[in-house]
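A.B. asks: with the sequence up front, the predicted model follows.
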Amino acid sequence: MTESASAPTPTHLLLVDDDRLILATLSSGLQDMGYQVSTAESVDDAEALLTGGLRPDLAIVDVRMPGRDGMELADRLRNLDHIPFLMLSAFSDTQNVERASGFGALGYLVKPMDVVQIRPTIEAALQRAQEIDQLRQSRAQLQEALDGDRSINVATGITMMQYRLPRTAAFELLRSAARSQRRKLAELAKEVIDTSDRLHTVTKP
């Protein structure tokens, strides 16, 4: 295997700041550290990149920019794209920090700063983002399991009434049918419920 084939993909950062000097300095310094960096000079430019398919591992967004401010982009990053972000500002007042935290920022950087000194903040944010993503996946899996259990219970009840069976026998009938069809029990249960719903709709006076 060649070195290029085995080399890990570098962490991709999106920098958003209307100050071209800061943007260039940060971008250059972070690239020297091994990060892949994309830049945008406004919220509109950043949204165009995201709409075009850009999916950075972390965004670093200036709070105050002409026109639409960074908090507006932060709202999209959190709720639409699910991309973790740090906020960047020349002001360290409590109101800005609290506002950034309320939008879901994983950290708050104050300009001017030494590029080398922000690396621990970036790495900590990436680690925290990974933990949050794992938690989100666990919640989704748990919800899927709960929904599946609920569907199985309802389908078992439908089978009991349809075939006049006790609960255990109705459940075993569903499970045997799922095995013979090589399907998940929750999937078959949902089909039973959907079929029952359609029949009730058709037979309604």
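C.D. replies: That came in fine, so what should we check first?
A.B. asks: so what touches stretch 154-170?
C.D. replies: Residues from elsewhere that reach stretch 154-170, judged by C-beta atoms under 8 Å, 6 or more residues apart in numbering: 171, 173-174, 188-190, 192-193, 196. Just so you know, the C-beta spots here come from the backbone N, C-alpha and C atoms, and that holds for glycine as well.
A.B. asks: could you dump those residues to CSV with neighbour count?
C.D. replies: Formatted as CSV, the contacts of stretch 154-170 follow (neighbours: other C-beta atoms under 10 Å):
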residue, neighbour count
171, 19
173, 16
174, 19
188, 19
189, 26
190, 17
192, 20
193, 17
196, 17
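A.B. asks: how is the protein divided into domains?
C.D. replies: Following automatic domain parsing, the chain resolves into domains at 3-113, 143-203.
A.B. asks: which of these comes out lowest on mean pLDDT?
C.D. replies: Lowest mean pLDDT within the domains of the chain: domain 143-203, a mean of 81.
A.B. asks: could you give the separation of stretch 18-26 from the chain centroid?
C.D. replies: Relative to the centre of its chain, stretch 18-26 is centred 28 Å away, using C-alpha atoms, centre = their mean, to the nearest Å.
A.B. asks: now do the buried residues in that stretch.
C.D. replies: Neighbour-count burial for stretch 18-26, counted by 16 or more other C-beta atoms under 10 Å, picks out 18, 22-23, 26.
A.B. asks: and what of stretch 34-53?
C.D. replies: Of all the residues in stretch 34-53, those buried under the rule 16+ other C-beta under 10 Å are 35, 37, 39-43, 46-47, 49-50.
A.B. asks: narrow those residues to those in helices?
C.D. replies: Counted as lying in helices by DSSP state H, out of the buried residues of stretch 34-53, are 43, 46-47, 49-50.
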